[in-house]
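> Attaching a predicted model along with its sequence, questions to come.
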Amino acid sequence: MTPTLRSLVSAAVLAMLALPAAAQTATPAPAEAAPASTPAQAPATQPDYWQGAEDAPVEMIEYASFTCGHCAAFHNDVYPQLKAEYIDTGKVRFTQRDVYFDEPGLWAGILARCGGEEKFYPIAGMLFEKQREWLGAKTGDELAANLRKIGAAAGFSGEQMDACWKDQAKVESLLATFQQNAVADKIEGTPTFIIGGETVRNAPWEELKAKIDEKLAAAPTAAN
C-alpha cells in the first residue's frame, strides 16, 4: 500500500470511528458496537453495480469520491457522453467504485447505496450534480439536512435513511470493499479509471475516448 493510499484508508476508518460524535450534530448514529466477547468476523464486501452489456468488449472502472470536485466534473460533463456513445451502445461495461476521503463522503456513499443497485446511479448523479450545495454545509446539522433532501428526492423516507446510516455492518462492509479494491488496483487519487485493464488518471474526455477506442480496436469482439 502506498503512503497516499494508506492515508485514504486511514481517513475513512477515522471517519467511521467519528460517526458517534457526528450523531450529536443530527447526523444519524451508527448501530451500537457488538460486545467485546463477540468473535470478530471479517466484514463482507459489496458487489459492483455495472452498467452496460455483460458481453461488452471493454470494461471501465471509475474510482470516485463524492466529495471530489474533479469527480463531479466528470459525472456532470463527461459521463453523459460516455453513457450515450459507449455504455448504452454495448461497447463498454462500466462501474463506479467509491473512495472515501472523509466523513461527508462516507455518509454520501452510504446514502447512494441505500436503495441498492436500482437507485445507486440516480442518487450518485444527484450527489455529484448538487455537490457544491450539500457539501457547502457549515455544520453537521446542515450536512445531515442537505443529504436528507437528496435522499427524499430519491424517494426515501427519513426512517429509511436512518436505517441505512445506522447499519454498522453495512458501513464496515463499504469500508472493507473500498480498501480491498483500492489496494488491489493501487489507487492513489480520484478520479482514476481502469479501462480495459489499464490505469488512466483523470483526463479530458478526448483522451478517455481515445483510450476506449484503442481498447475497442484491440478487442477480439469489438462492437462496430
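Cool, the structure landed.
> all strands of this protein, in order?
50-51, 58-64, 92-98, 192-195, 198-201 (DSSP state E).
> Which stretches in this protein count as helices?
Along the chain, counting by DSSP state H, helices occupy 3-17, 19-22, 69-73, 79-82, 103-112, 117-129, 131-135, 140-153, 158-166, 168-184, 205-218.
> Now the longest one: average pLDDT?
For helix 168-184, the per-residue pLDDT values average out at 92.
> name the helices or strands packed onto it?
Packed against helix 168-184 by the contact rule (3 or more CB pairs under 8 Å, 6 or more residues apart in numbering; DSSP states H and E) you find helix 3-17, strand 92-98, helix 103-112. Every C-beta, even on glycine, is put in place using the N, C-alpha and C of the backbone.
> The third one now?
Counting contacts by 3+ CB pairs under 8 Å, 6+ apart, helix 69-73 is packed against helix 117-129.
> In terms of secondary structure, what does the helix it packs on contact?
helix 69-73, helix 103-112, helix 140-153.
> quick one: the last one to helix 158-166, angle?
Note on geometry: by axes from the mean of the first three to the mean of the last three CA atoms, to 10 degrees, helix 140-153 and helix 158-166 are set 120 degrees apart in direction.
> for the chain, what helix or strand is lowest in average pLDDT?
Lowest mean confidence among the helices and strands of the chain (mean pLDDT, DSSP states H and E): helix 19-22, at a mean of 37.
> wait, which of the strands of the chain is closest to residue 107?
strand 92-98 (11.6 Å; CB to CB).
> Export that closest one to CSV, keeping only CA atoms.
C-alpha atoms of strand 92-98 as CSV (Å, rounded to 0.1, in the frame of the first residue of the first chain):
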residue,chain,number,x,y,z
VAL,A,92,-18.4,-0.5,-22.7
ARG,A,93,-19.4,-2.1,-19.4
PHE,A,94,-19.0,0.5,-16.6
THR,A,95,-18.9,0.6,-12.9
GLN,A,96,-18.2,3.2,-10.2
ARG,A,97,-16.3,2.3,-7.1
ASP,A,98,-16.3,4.5,-4.1
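> Which pLDDT value belongs to residue 42?
For residue 42, pLDDT reads 70.
> Against residue 181, how distant is it?
Using CB to CB, to the nearest Å, residue 42 is found at 15 Å from residue 181.
> In terms of packing, which of these two has more residues around it?
Taking neighbours as other CB atoms under 10 Å, residue 42 and residue 181 compare with residue 181 leading, 18 against 8.
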